[in-house]
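[1] Sequence first, then the predicted structure:
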Amino acid sequence: MNLIFEPEFNKPFRIVFYSCILICNVAFGQIIESNSISADSTYVNYFEDGKTQRIQLFENGLLTGPSWEFHPSGQIMIHNNWKLGKKNGREIIFDQVGRKIRSVNWHNGILHGDELSFYPTGVIQKKIVWVNNLKHGKSIWYHNNSSPSAIYPYEKGLIHGDVIFYDSDGKENNRKRFFRNELLKKKTNENRYCLSSHIWGSGVMATELGNFLAKKGHVIHVISHSMPVRLNPFHGNINFHEVYIDPYPLFHHQPYEVALASAIVETVKREKLDVLHVHYAIPHAYAAYMAAQILKDQNIIIPFITTLHGTDITLVGKNPAYKPAVSFSINHSSYVTAVSESLKKDTEELFDLKNSIEVIPNFVNLKGYDREPKDKRQYFANDNETIFCHVSNFRPVKRVLDVIKVFKKSSGSKEFYFNNGWGWSGQKHCGKIIARFRNLG
């Protein structure tokens, strides 16, 4: 290893020379070999007053070994380790008087392990757990007396679960529930929560289709107001683009369709997409049409497929307030599919269509639901009892009460059991369903 000082250069020139090498190339963890500089060397650069600013070791043109950066006072600022151009091991950051303010663990260039931040007193300020560059597990913030101030549960980079806040005496003073980074809205005087429609049937089917196509080698870009529940963000062919809506007091309701259309336009242009596939006619088909027209004005042609899922036609779509826009969007889609023959028939009866509709039924990946040889019936009912199964998000349109009425008439029983499989979106309606069941006598 060669320690390079180059005494024949004056200080300003020496600073520029070494800064050029380190600033331009250290971001990539490597240097560019040249005839005048060895690729196996220790590089040192300096402040204008001659004090050392940075010491780094290179091997075969790649940062390898310990590295140090210093404050102008001479106090160490950052100490870390590199292996073949990537950070590895513990990185520690100090303030100007030598107090440790942050430490983080790296593995092959990605964050992996505990990240700690410190108060000037040395007490831990926060602790974050990283797994493969994503926050995963409990992240804890602390008061300066070492008692927790907040606990954030992370799952693969997303806040998922109850965020709990504490006062300096350790007493809980607030709690917020998140579902994959989305704050669940709590209704006044009710311990029930609701989620937006991106987790319902159309969102699930769209996401599973994207996951499947990604496995087949296609590059998928998902555009939505929040991360879909079933999306696999860790697959290399899947990309997520969030639709941002800035609140503005002029509007009673924020113009999501406009923001969505703009997001589609920007994504198509940046990623050079070949086709759009929109699920649920309102508002996605209309936003796709607007985006296609904006792109057409820029000499970019993008076809879009509209898939109809059910209530977007039979409930929302036939509403006079939306019907003209739904009909227009379907007729101007490049291709239209429906998830059932019944839905196709309803759509053709409700709207004046010029486009044909192809039926592509919903699907289930059976590989994800292997049957177990052991019978689980005994976990739910006795041998002489009948089991009624209803799978939905328990919205009123799903006619859950009719299922209960049939159960009551066929069994004569006043007792029933709700399996907790409806998720947060269904709990919004379950209290009313239970109350109405009790009124049946």
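    Here it is on my side, so go on. Values in this document were obtained by computation on a predicted structure and should not be read as measured data.
[2] alpha carbons only for contacts and neighbour counts from here, please
    Noted.
[3] Asn108 and Lys367: what is the separation?
    According to CA to CA, to the nearest Å, Asn108 and Lys367 sit 34 Å apart.
[4] now the strands for the stretch 251-400 of the chain?
    With DSSP state E, counting those that start in this stretch, the ranges of strands along the stretch 251-400 of the chain come out as 276-279, 304-308, 335-338, 358-359.
[5] The nearest residue to Glu358 once chain neighbours are set aside and Gly310: what is the separation?
    In space, and not counting its chain neighbours, Glu358 is closest to Thr337: 4.7 Å by CA to CA, 6 or more residues apart in numbering. Remark: distance between Thr337 and Gly310 (CA to CA) = 11 Å.
[6] picking that back up, which one's more surrounded, Asn108 and Lys367?
    Neighbour tally, Asn108 and Lys367, criterion other CA atoms under 10 Å: the higher count belongs to Asn108, 15 against 7.
[7] residues touching that one, list them.
    By CA atoms under 8 Å, 6 or more residues apart in numbering, the contact list for Asn108 reads 83, 86-88.
[8] Which of these has the largest number of neighbours?
    Lys87 (24 neighbours).
[9] Phi first, then psi, for that one.
    Note on Lys87: backbone dihedrals following degrees, to the nearest 10 are phi -70, psi 140.
[10] Surely it and Asn81 touch.
    Yes. In this structure Lys87 lies within contact range of Asn81 using CA atoms under 8 Å: 5.9 Å.
[11] Is Asn67 bridged to anything, and to what?
    I think there's a mix-up here, since residue 67 is Ser and not Asn. Asn80 (DSSP bridges).
[12] Grab the most central residue of this protein for me.
    Geometric centre of the chain, nearest residue: Met227, 4.2 Å, by CA atoms, centre = their mean.
[13] roughly how far is the strand or helix carrying Ile78 from the heart of the chain?
    Using DSSP states H and E, Ile78 sits within strand 76-83. Computed by CA atoms, centre = their mean, to the nearest Å, the chain-centroid distance of strand 76-83 equals 31 Å.
[14] in it, what counts as buried?
    Neighbour-count burial for strand 76-83, counted by 16 or more other CA atoms under 10 Å, picks out 76-83.
[15] tell me the mean pLDDT over that strand?
    Strand 76-83 shows a mean pLDDT of 92.
[16] Which elements pack onto that strand?
    Contacts defined by 3 or more CA pairs under 8 Å, 6 or more residues apart in numbering; DSSP states H and E place strand 76-83 against strand 62-63, strand 65-70, strand 89-94.
[17] For Leu273, which of those strands is the nearest?
    Distance to Leu273, taken as CA to CA, is lowest for strand 62-63 among the helices and strands packed on strand 76-83, at 36.4 Å.
[18] Remind me what the closest one packs against, helices and strands.
    With 3+ CA pairs under 8 Å, 6+ apart as the test, strand 62-63 has strand 76-83 packed against it.
[19] what comes into contact with the strand it packs on?
    With CA under 8 Å, 6+ apart, strand 76-83 has contacts from 62-71, 87-96, 98, 108.
[20] For the protein, just list every one of the helices.
    Here the chain has its helices, by DSSP state H, at 11-25, 201-215, 256-271, 286-296, 311-314, 323-331, 341-350, 400-411, 423-438.
[21] Can you pull the poorly scored residue ranges out of this structure?
    Residue ranges of the chain with pLDDT under 70: 1-39, 184-201, 246-253, 312, 315-318, 368-375, 379-380, 393-395, 397, 411-441.
[22] What is the distance between stretch 84-102 and the centre of its chain?
    Distance, centroid of stretch 84-102 to centroid of chain: 29 Å (CA atoms, centre = their mean).
[23] Pull the residues that contact it.
    With contacts defined as CA under 8 Å, 6+ apart, stretch 84-102 is touched by 28-30, 59, 62-64, 71, 73, 75-82, 103-110, 115-120, 122.
[24] With stretch 113-121 instead?
    Residues contacting stretch 113-121 (CA under 8 Å, 6+ apart): 99-106, 124-131, 144.
[25] change it to 10 Å
    89-93, 95, 99-107, 123-133, 135-136, 139-146 (CA atoms under 10 Å, 6 or more residues apart in numbering).
[26] Over to stretch 351-370?
    201-202, 205-206, 208-209, 212, 306-309, 313, 317-318, 323-324, 326-328, 330-345, 347-348.
[27] again, 7 Å this time
    With contacts defined as CA atoms under 7 Å, 6 or more residues apart in numbering, stretch 351-370 is touched by 327, 331, 336-341, 344.
[28] Those residues, buried ones only, as a ChimeraX selection?
    Applying 16+ other CA under 10 Å to those, the buried members can be selected in ChimeraX as follows:
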select :327,331,336,337,338,339,340,344
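[29] returning to that earlier point: using CSV, lay out the helices and strands packed on strand 76-83 together with distance to Lys216.
    As requested, those are arranged in CSV below (distance: least, CA to CA, whole Å):
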stretch, distance to Lys216
strand 62-63, 36
strand 65-70, 41
strand 89-94, 36
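[30] so which of those is the most packed in?
    Mean neighbour count (mean count of other CA atoms under 10 Å) peaks for strand 62-63 among the helices and strands packed on strand 76-83, with a mean of 25.
[31] so how far is that one off the chain centroid?
    Offset of strand 62-63 from its chain centre (CA atoms, centre = their mean): 33 Å.
[32] Now do His309 against Asp346, distance only.
    Taken as CA to CA, the span from His309 to Asp346 is 12 Å.
[33] In terms of neighbours, single out the busier of those two.
    Between His309 and Asp346, counted using other CA under 10 Å, His309 has the larger neighbour count: 23 against 13.
[34] From Lys138, how far off is the more buried one?
    Taken as CA to CA, the span from His309 to Lys138 is 38 Å.
[35] Backbone dihedrals for Gly98, both of them.
    Dihedral angles for Gly98 - degrees, to the nearest 10 - are phi 90, psi 10.
[36] tally of neighbours for it?
    Using other CA under 10 Å as the criterion, the residues surrounding Gly98 number 12.
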